[in-house]
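**Q** coords below, sequence missing:
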């Protein structure tokens with residue numbers, strides 16, 4: 001009969017974590033349904049680690065960690081105060097992720113001091129991770145079922161969802177296995193584990209992990225260069241070349257896409273300053289930038305495409321922003337969002353900073369271009385004068401709220417904007 005001790009439960013819960021995360025990701029992807037397996041397991045893990053940390057621990061240590069946790073939760077709430085519930089949940093979730101490794105370390109330290117847990121438990125967990133992570137990434141990649149890491153199809157990560165956390169774990173495991181390869185006796189086993197983790201990092205294909213991979217290899221070879229004889233150096237060089245060749249042959253498509261991501265990308269400029277960047281794929285792409293809270297003025301936008309051979313500069317798009325204050329607390333802002341000559345897209349944003357709701361409002365203004373459509377309203381035109389009447393679903397702008405209307409007008413707007421703006425409310 002198996003006797004479950006705290007040491008065994010600690011070990012088992014952490015070893016099963018990547019397996020549970022992979023299963024959770026599989027159900028979320030294949031069944032297209034949300035899975036509760038991962039969150040429930042994480043909750044059990046958190047409760048257990050908290051119990052291990054609190055077990056006969058000193059009040060001083062508990063108090064210090066508690067103060068730090070409360071501080072960061074408070075900061076998370078402050079930054080999310082005006083955001084939605086989803087944003088608050090997202091920030092708190094990130095804070096919990098940040099403290100999880102700290103909690104594990106402190107729980108292990110507390111149990112180790114009390115001699116409840118063995119000193120080699122963490123080392124055993126690392127050994128199991130060195131097998132589990134490759135086995136939950138490489139096979140799915142070989143059969144073409146792995147999730148892509150990037151939007152252009154580059155990278156392979158099995159069914160794991162968190163890219164950054166996965167990168168950190170795999171880099172840590174590679175350091176651990178490289179250390180064992182150079183300083184432990186079983187060279188064959190440690191070499192195989194190092195190779196498996198090397199393949200996982202190579203498959204993910206992020207800049208950070210590739211750079212970390214090269215730094216780790218160069219650092220360990222440099223540190224241990226004197227320990228190897230000439231024949232061993234030659235043999236090691238041959239093995240490295242063979243490994244790179246085999247990995248390239250087996251995972252050529254993934255490597256190509258990962259490499260393509262590093263050399264094909266775009267930069268979006270606002271007034272010659274980069275405000276957004278991303279990778280370029282073979283499909284049609286739309287770059288969306290919110291044009292909110294802009295001061296009065298003219299803004300220029302340009303998209304440049306980059307590859308390994310050349311840079312292609314895009315045409316310059318000029319957007320005019322002219323916020324107009326009607327009465328104290330009401331702001332009307334116009335912006336041309338795109339202009340293709342024969343037509344143009346524009347948006348009008350009404351912001352209500354008064355202490356009352358704007359009910360059954362109407363907007364009057366002049367505009368020296370013909371408006372073709374303003375879908376969320378009914379509008380009346382007389383020459384260059386316009387009256388905009390809202391629909392039933394947007395006829396109230398709550399205090400502190402805003403409403404953005406999207407429309408289409410004649411092209412070649414240039415620096416034109418709406419003027420003589422007036423809001424009429426009940």
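**A** Thanks, I have the structure now. Here the structure is a predicted model, which means the values were calculated and not measured. Numbering: from 1, shown residues only.
**Q** What average pLDDT does the helix or strand where residue 96 lies get?
**A** Per DSSP states H and E: residue 96 is located in helix 85-113. Computed over helix 85-113, the mean pLDDT rounds to 73.
**Q** ok now do residue 25, which residues does it touch?
**A** 35, 38, 147, 158, 159, 160, 161 (Cβ atoms under 8 Å, 6 or more residues apart in numbering). To be clear about C-beta, it is placed using only N, CA and C from the backbone, and glycine gets the same treatment.
**Q** What are the phi and psi values at the last one?
**A** In terms of degrees, to the nearest 10, the main-chain angles of residue 161 are phi -100, psi -40.
**Q** I'd say it and residue 28 touch.
**A** Yes - with contact defined as Cβ atoms under 8 Å, residue 161 reaches residue 28; the gap is 7.2 Å.
**Q** Keep only those of the contacts of residue 25 that are in helices.
**A** Mapping the contacts of residue 25 onto helices (DSSP state H) picks out residue 38.
**Q** And the contacts of residue 25, which is the shakiest by pLDDT?
**A** residue 35 (65).
**Q** quick one: buried residues of stretch 114-132?
**A** 117, 118, 121, 122, 125, 126, 127, 129, 130, 132 (16 or more other Cβ atoms under 10 Å).
**Q** ditto for stretch 180-187
**A** Those would be 180, 181, 182, for stretch 180-187 by 16+ other Cβ under 10 Å.
**Q** Confidence-wise, which of the residues you listed comes last?
**A** Pick the lowest pLDDT in the buried residues of stretch 180-187 and you get residue 182, at 73.
**Q** Now do the buried residues in whichever strand or helix holds residue 20.
**A** Per DSSP H and E, residue 20 falls inside helix 6-30. The neighbour-count check on helix 6-30 (16+ other Cβ under 10 Å) flags 10-11, 13-14, 17-18, 20-28 as buried.
**Q** Number of residues surrounding the nearest residue to residue 370 once chain neighbours are set aside?
**A** Using Cβ to Cβ, 6 or more residues apart in numbering and skipping the chain neighbours, the partner closest in space to residue 370 is residue 410 (4.9 Å). Neighbours of residue 410 under the rule other Cβ atoms under 10 Å: 17.
**Q** now do residue 140
**A** For residue 140, using other Cβ under 10 Å, the count is 19.
**Q** what helix or strand does it sit in?
**A** helix 138-142.
**Q** Buried by neighbour count: which residues of that helix qualify?
**A** Those would be 138, 140, 141, for helix 138-142 by 16+ other Cβ under 10 Å.
**Q** now the second one, nearest residue through space, not along the chain?
**A** In space, not counting the residues next to it along the chain, residue 140 is nearest to residue 146; the distance is 4.2 Å by Cβ to Cβ, 6+ apart.
**Q** and what of residue 271?
**A** residue 300 (5.7 Å).
**Q** Report the secondary structure state of that neighbour.
**A** Following DSSP: H, G, I helix; E, B strand; the rest coil, residue 300 is assigned to strand.
**Q** list the contacts for residue 61?
**A** Residue 61 neighbours (Cβ under 8 Å, 6+ apart): 106, 110.
**Q** hmm, 7 Å instead?
**A** If you count contacts by Cβ atoms under 7 Å, 6 or more residues apart in numbering, residue 61 has none.
**Q** sorry, back to before: chain center to the helix holding residue 20: distance?
**A** 22 Å (Cα atoms, centre = their mean, to the nearest Å).
**Q** and what of stretch 100-115?
**A** 30 Å.
**Q** Can you name the element that comes right after the lowest-mean-pLDDT helix or strand in the chain?
**A** For the chain, counting by mean pLDDT, DSSP states H and E, strand 324-325 ranks last in confidence among helices and strands (a mean of 45). Next along the chain after strand 324-325, taking DSSP H and E as the criterion, comes strand 330-339.
**Q** Buried residues in whichever helix or strand comes after that following strand, which are they?
**A** Using DSSP H and E, the next helix or strand after strand 330-339 towards the C-terminus is strand 344-352. Across strand 344-352, burial judged by 16+ other Cβ under 10 Å covers 344, 345, 346, 348, 349, 350, 351, 352.
**Q** Stretch 278-297: end-to-end distance?
**A** 27 Å (Cα to Cα, to the nearest Å).
**Q** whoops, I mixed them up, stretch 405-416
**A** Stretch 405-416 end-to-end distance (Cα to Cα) = 18 Å.
**Q** Break the chain into its domains for me.
**A** The chain breaks down by automatic domain parsing into domains covering 1-119, 125-263, 264-317, 322-424.
**Q** and which of the buried residues of helix 138-142 is nearest residue 375?
**A** Set against residue 375, the nearest of those by Cβ to Cβ is residue 140 (44.7 Å).
**Q** what residues are up against that closest one?
**A** Contacts of residue 140 by Cβ under 7 Å, 6+ apart are 146, 158, 159.
**Q** and it, how far is that from residue 66?
**A** 41 Å (Cβ to Cβ, to the nearest Å).
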